[in-house]
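Engineer: next one to model:
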Amino acid sequence: HVQLVESGGDLEQPGGSLRLSCQASGFSSVYCMGWFRQAPGKGREGVATIDTAGSTTYADSVKGRLTISRDNAKNTLYLQTNSLKPEDTAMYYCAADIFCSWMAPRYDYWGQGTQVTVS
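Structural biologist: Numbers count the residues shown, from 1 in each chain. Got it, this is the predicted structure:
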């Protein structure tokens, strides 16, 4: 049974930084993992993905500011967020699936989310 549990969200000032974590259990490292976010009144959008080899992709809006990484030994996914902007305010979710995708419905496993507020 796959479980994903996010943490690290908080209220942060513009220009600040946060490190989000996603603790995974119930599966091996052979999964693509991604971070998605959803702001109030908006759809869920992809932020970054990382495959089993460590190859990463990013949304244009976060390139250079957010960094996705994973520690397979700890079964943990991270999102380092720097130079935060008010438009980064959203609920951040981690997701896992066999294949990487920018399409949220393609992911079978989701965490409950962690709130990031930049104000």
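Engineer: which helix or strand contains the residue lying closest to Val62 once chain neighbours are set aside?
Structural biologist: Distances taken as CB to CB, 6 or more residues apart in numbering place Val47 nearest to Val62, at 5.7 Å, with adjacent residues excluded. Where you see a C-beta, it was placed from the backbone N, CA and C, and this is true even at glycine. Using DSSP states H and E, Val47 maps to strand 45-50.
Engineer: same for that strand, what does it pack against?
Structural biologist: Packing partners of strand 45-50 (3 or more CB pairs under 8 Å, 6 or more residues apart in numbering; DSSP states H and E): strand 32-38, strand 56-58, strand 66-71, strand 76-81.
Engineer: helices or strands next to the longest one in the packing?
Structural biologist: Based on contacts counted as 3+ CB pairs under 8 Å, 6+ apart, the elements that strand 32-38 packs against are strand 18-25, strand 45-50, strand 66-71, strand 76-81, strand 90-97.
Engineer: listing partners with orientation, what would you give for the fourth one?
Structural biologist: It refers to strand 76-81. strand 18-25 (antiparallel), strand 66-71 (antiparallel) (DSSP bridges).
Engineer: which one of those strands lies closest to Ala95?
Structural biologist: strand 18-25 (8.8 Å; CB to CB).
Engineer: touching that closest one from outside, list them.
Structural biologist: Applying CB atoms under 8 Å, 6 or more residues apart in numbering, the contact partners of strand 18-25 are 2-10, 12, 31, 33, 35, 75-81, 84, 92, 94, 96, 111, 114, 116.
Engineer: show me the shaky parts of the protein.
Structural biologist: Counting by pLDDT under 70, the chain shows low-confidence ranges at 28-29.
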